[in-house]
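In: fold the stuff below for me.
(2 chains)
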Amino acid sequence: MRLRRRRRESSRLMPIKNQKDPGRGVFTRRALLFMAVQAGALGELAHKLYQLQIKDGDRYARMAASNRVSKRYLAPPRGRIVDRYGVALANNKENWRALLMPEETTDVSGTIERFSTIIPLDDRDRARIAREMRHQRRFIPVMLRDFLSWEEMARIELNAPSLPGVLIDVGTRRVYPEGELLAHLIGYVAPPNERDVARSALLALPGMRVGRAGVEQSQDEKLRGTAGSVEMEVNSVGRVMSELNRVEGVPGAEIGLTIDRGLQQKVLSRIGEQTASAVVMDCRNGEVLAMVSTPSFDPSLFDSGVSHAQWIEWTNNERTPLINKAVAGVYPPGSTFKPAVAMAGLQSGLFSPTDRVFCPGHLDVGGTRFHCWSRWGHGSVDLHQALKYSCDVYFYEMARRVGMDRIAETAHQFGLGTALDIELPHTRTGLIPTPTWRQAHHHHWNGGDTIVSGIGQGFVQVTPLQLATYTSRLATGRAVQPHLVRAMNGDLGPEATPEHWPELGMPDKYLAALRSGMFAVVNEQHGTAPKARLGLPGITMAGKTGSAQVRRVSRALRESGHFNSANLPWEYRPHALFICFAPYDAPRYAVSVVIEHGNTGADAAAPLARDIMTDTLLRDPVNHLTPPPESVATAETPDADTPPADTPE
Amino acid sequence: MKFHKRLLRAEPSFRLLSKLWSISWLYVLLICTLAGVGYVTLYSAGGGTPYPFAAPQAARFAVGLVLMITVAMLPPKMLVRIAGPLYVLSIILLVAVLHMGHVGKGAERWLMIGGLQVQPSEYAKVALVLALAAWFHRISYARMGNPLWLIPPAFLVLLPVVLVLKEPNLGTAVIIGGIGASMFFAAGMRLWLITLLLLPVPYLAKFAYAHLHDYQRARITTFLNPESDPLGAGYNIIQSKIALGSGGMWGQGYLHGSQGQLNFLPEKQTDFIFTMIAEEWGYVGAVTVIGLLLLLILGGMLMAIRSRNRFGRLVALGISMNFFLYCLVNLSMVMGAIPVGGVPLPLVSYGGSAMLNVMLGFGLLLSTWVHRDSRFRESENQDQA
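Out: Alright, predicted model coming up:
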């Protein structure tokens, strides 16, 4: 009975109106309203979801992919630099560094403190660590100390339990096994600065270095190589989850230089403590076999950062150790300029090799007296004698009559005062002055300027490398360009063959006349450089001395008769120069030597050039594919005890 | 045994077995289905393993299921009697959590009780539903016309709202307020009174805002618009939108959602679990889940309408409303429609307190269904045939 009644009443499950229970009717109506609102609200959310997932889906899917895939570049190893025989001159060496993984230690500052009790950290290190800590995410390691020695590394490993998060990592550093020997040529590398990174994103990779001098700088892009890349799936904090794709990079090219390391060493030891530069070239194709500039510096100091004190010491040194004097040192060529003037005279048609000039010891032009280096004069001299005695008056007269423009043109043909193709940065062009140049600088060109230019003084300025190039061109008649890079990854370029280089277009008879004059300088009696005679049987060399004044000698001093430049303070003494080539009958090597404030070319530069040429001829790097054994080469080096080959041609 | 006797004394015409039989097992199946969706998604959020999320959650669900069935057996008379003490307990817990609670990620605060993490704000919602239903059950529908009778229940609502706001947990406070308001409305609050109360609200808000200091206004602005902080909530919303969008129509495939699997998606096992579903199963999967949620909500509302006693009606409506508001706030949040956090998706999200309290709520809901035809009367209740 009771159950039936309940069933009947329960048939009205949804009483919208209930007279007996007004609260229930209201409740039902309002609850139905709520249900409509609920269904509507969730429907609206489903609609919004449709917009997000389907309509804008593509855009968000793209954002998702860029969220997920991270492309990283792999630093390629920098190419080696080797000499002509394959001896490494610049190499990559593994080095150890201590890193701290901040997320693996709970007490970062405590760990650093304990680390510093084992490996001392200076204030610079600490400041750098603090800076990196602020900028980097916790899973990217911070470098504590670079360039750890084996012993330091062992000490860290021993204390590893008290150094959580500290790990040892292997990086590479650039090493220069020859150090100071080739510092100016090879240059050095340094971490890239912000401007470098702006130019090439590759440089932002850790461990990348930029060449800052020498071949490292000029061949930087070839040495650098091509970066590899790896695409990785990363999570939201950038930690790598898996590797998707990897493209290996291309290591930098191995640059083979024309330099003979052994010869370079010999030249350096011949120069000794003098402030000088010397260039040895293969005069047939312009390969630079040795290029020395003293004093030098240790290039490895740059990789780890040069101290301020060291930098000040270098830049304030009057002997300029950081400057490669062979390409960036400019000197008045002095008498070494005379063959170029002579060629200008011969080519002008105003002079023939047999024309004579009388030298009374001076030349008066327009009220000014120009002195010959010999107070008594040389009498009547032709070209051969003028070169042999280095008679100034002959060349004063020649310059006066030929004119500066012709001299400058010929000098430029020889490579003097021009930009050479040498693969080195920071080279200087020097200067062959002309009236046009002088007037461009709002000065008047005097006749006297031409006359002093005739003996390579005044405004004339050249580099030792230009002198060597000039000598090579004189010896071969070809417009060879000096170059340092011989091979890339072992492949020789076309520059190695002499025929690659065009003829200068100077008549052979004139060149022969100049060579014979230069032969006389060294090998004939009363030549200016008897000290340059080679001690080798059957081989002779031709050369020209030069002494370049750095200060005008006053008349009063000259006439006092007590003038001797050797008594001057070092920085006022003339530069000593010598250029030469050998063998005379079939020129193969050209050498130029400039000794700063060496006083006279004949006494200082000529013997040095002779020694360098002797070493070169004995090693004969041009005709050897492997370096000669060091011990044999030194044993055979002749000295003053061998009788000079006094055989005039 | 004693408990059983008391149970029988309370409702002599029912046997426990017949009570169990009268539970809506279809509704229970629906609950289990959603919990199953949660398990499957948490398995994926754990990187394709049952740990650390899926297995513990399944264990909690099992406990919750037992709790739910047990509560479903309790008669409404007894529930009315314990509603007051339960409410007082919830307020004590809310005060306690303000003073000695632990702050987790986001804004949830929890207490450690016997090695368990308890979130009093979750429990407070259920307690409030019971307390309000008991109050409105005791006063007649006729008394709803007198505003004085509505003042005590208004305080019942305001107290937990203020306490939860202080935590601060805006999302839960809004839900508690919403539950209270919907129960006032459903209990038969007169329309004139509602209109009267709502009219001055815009003016009051304007007046109050005009009298705030600049720094207070700035605080409100950032409170309402956390997207101004791109590394905070703004970052989460952006990542959530990216994950939703990359799901497309059919999804990236189970266990293959890139944003979730790679941890771009923050709080993927709790607040943003729906995003994970939408990313891996696509729009189709996401709408299916929304449909299941709506079925649970509407089913609860139908149970409320069907109940013959005022208490049962209001409890069922409050619980359904709680579940609805939960879903609404969570889904709006993951779609970037509203800028609040700290509200999980009920039944699906990882978390013990929320799971147990949701199951407690469903237990009460099922209790009203089991006792849908009981007409018990308290004091002045005129609701008797």
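In: mind telling me what element the residue nearest to A:Ser516 when sequence neighbours are not counted is part of?
Out: Excluding the flanking residues, the one nearest A:Ser516 by CB to CB, 6 or more residues apart in numbering or on different chains is A:His384, at 6.3 Å. For every residue, glycine as well, the C-beta is placed using N, CA and C. Under the criterion of DSSP states H and E, A:His384 resides in helix A:383-389.
In: enumerate the positions of the first helix or strand past that helix going along the chain that are buried.
Out: Scanning forward in sequence from helix A:383-389 by DSSP H and E, the next helix or strand is helix A:392-402. Along helix A:392-402, the positions that meet the burial threshold by neighbour count (16 or more other CB atoms under 10 Å in any protein chain shown) are A:Asp392, A:Val393, A:Tyr394, A:Phe395, A:Tyr396, A:Glu397, A:Met398, A:Ala399, A:Arg400, A:Val402.
In: pull the contacting residues for the residue of chain B found nearest chain A.
Out: With CB to the nearest CB as the measure, B:Gly245 is the residue of chain B nearest to chain A, at 2.1 Å. For B:Gly245, the contacting residues are A:Leu52, A:Gln53, A:Asp56, A:Gly57, A:Asp58, A:Arg59, A:Tyr60, A:Ala61, A:Met63, A:Ala64, taking CB atoms under 8 Å, 6 or more residues apart in numbering or on different chains as the criterion.
In: 10 Å instead, please
Out: Going by CB atoms under 10 Å, 6 or more residues apart in numbering or on different chains, B:Gly245 touches A:51-64, B:259, B:278-279.
In: quick check, central residue of chain B?
Out: With distances taken as CA atoms, centre = their mean, chain B has B:Asn322 as the residue nearest its mean C-alpha position (3.9 Å).
In: please, where are all the strands along the stretch 51-200 of chain A?
Out: A:69-74, A:81-82, A:88-100, A:142-148, A:166-175, A:189-190 (DSSP state E, counting those that start in this stretch).
In: hmm, back to that, which residue, other than its chain neighbours, is closest to the residue of chain B closest to chain A?
Out: In space, not counting the residues next to it along the chain, B:Gly245 is nearest to A:Tyr60; the distance is 2.1 Å by CB to CB, 6+ apart.
In: burial measure for the one you found, as a count.
Out: When neighbours are counted by other CB atoms under 10 Å in any protein chain shown, A:Tyr60 registers 23.
In: ok, the one 4 residues further on next?
Out: Counted with other CB under 10 Å, residues neighbouring A:Ala64 total 25.
In: so for it, what's the nearest residue that isn't a sequence neighbour?
Out: Nearest residue to A:Ala64, sequence neighbours excluded (CB to CB, 6+ apart): B:Ser246, at 3.7 Å.
In: secondary structure element for the one you found?
Out: Here B:Ser246 is covered by helix B:233-247, with elements defined by DSSP H and E.
In: can you name the next helix or strand after that helix?
Out: Downstream of helix B:233-247, the first helix or strand assigned by DSSP H and E is helix B:258-261.
In: give me the residue from chain A nearest chain B.
Out: In chain A, no residue comes nearer to chain B than A:Tyr60, which is 2.1 Å away by CB to the nearest CB.
In: test my guess that that residue contacts B:Gln252.
Out: No: contact criterion CB atoms under 10 Å: A:Tyr60 and B:Gln252 do not qualify, at 11.8 Å.
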